[in-house]
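Peer 1: predicted model and sequence below, questions to follow.
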Amino acid sequence: MHIGIAADHGGFDLKVQLTAALRDAGHIVEDFGAHELVMGDDFPDFVIPMARAVACGHLTRGLAICGSGVGACVAANKVPGVRAALITDSFSAHQGVEDDDMNVMCLGGLVTGYALSWDLVQTFLNARFKADERFMRRLKKVAALETEKKSE
């Protein structure tokens, strides 16, 4: 699978570990940075380009990591076509894909340890969207929000 990964300083160490594990598992990993630990960097600088690559289909799925995972999730969800969620449990890691076609998983590098993160990533990557009518109907409603004009 072609996977994008992005992290700021808060997720840097976890990104390095997950990138190595993903490559060892045979995945193609595109690293959007940070490429070195810089304490004052900003997660949108790395997460947004990765999210755009997922949205346009260049990547199959993406992983976005910051200190808590919240900021990375907020940023990724601003990109039309991205369905990102902060994941801390295995049920959500697969259900988010199966029912909601989640294509970016967000993790908190300062709150979720490597062993759990690796389990969550594997669960996320092994899950497949069910495409049942009810799930498709719901996704169309969500996608419609991306094209709405903002009222002034």
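Peer 2: Perfect, thanks for sending it.

Peer 1: where does the prediction get shaky in this protein?
Peer 2: 149-152 (pLDDT under 70).

Peer 1: show me what contacts Gly69?
Peer 2: The contact partners of Gly69, taken as CB atoms under 8 Å, 6 or more residues apart in numbering, are Gly11, Leu86, Ile87, Thr88, Cys106, Leu107, Gly108, Gly109, Val111, Thr112. From N, CA and C alone the C-beta is placed, and that goes for glycine too.

Peer 1: that one - nearest residue in space that isn't next to it in sequence?
Peer 2: Nearest residue to Gly69, sequence neighbours excluded (CB to CB, 6 or more residues apart in numbering): Gly108, at 3.7 Å.

Peer 1: I'd like the distance between the one you found and Arg137.
Peer 2: Gly108 sits 32 Å away from Arg137, going by CB to CB, to the nearest Å.

Peer 1: cool, Gly69 as well?
Peer 2: With distances taken as CB to CB, Gly69 is found 29 Å from Arg137.

Peer 1: and for Leu63?
Peer 2: 28 Å.

Peer 1: settle it for me: which of the two has more neighbours?
Peer 2: Higher neighbour count among Leu63 and Arg137: Leu63, with 34 against 9, using other CB atoms under 10 Å.

Peer 1: much appreciated, bye for now.
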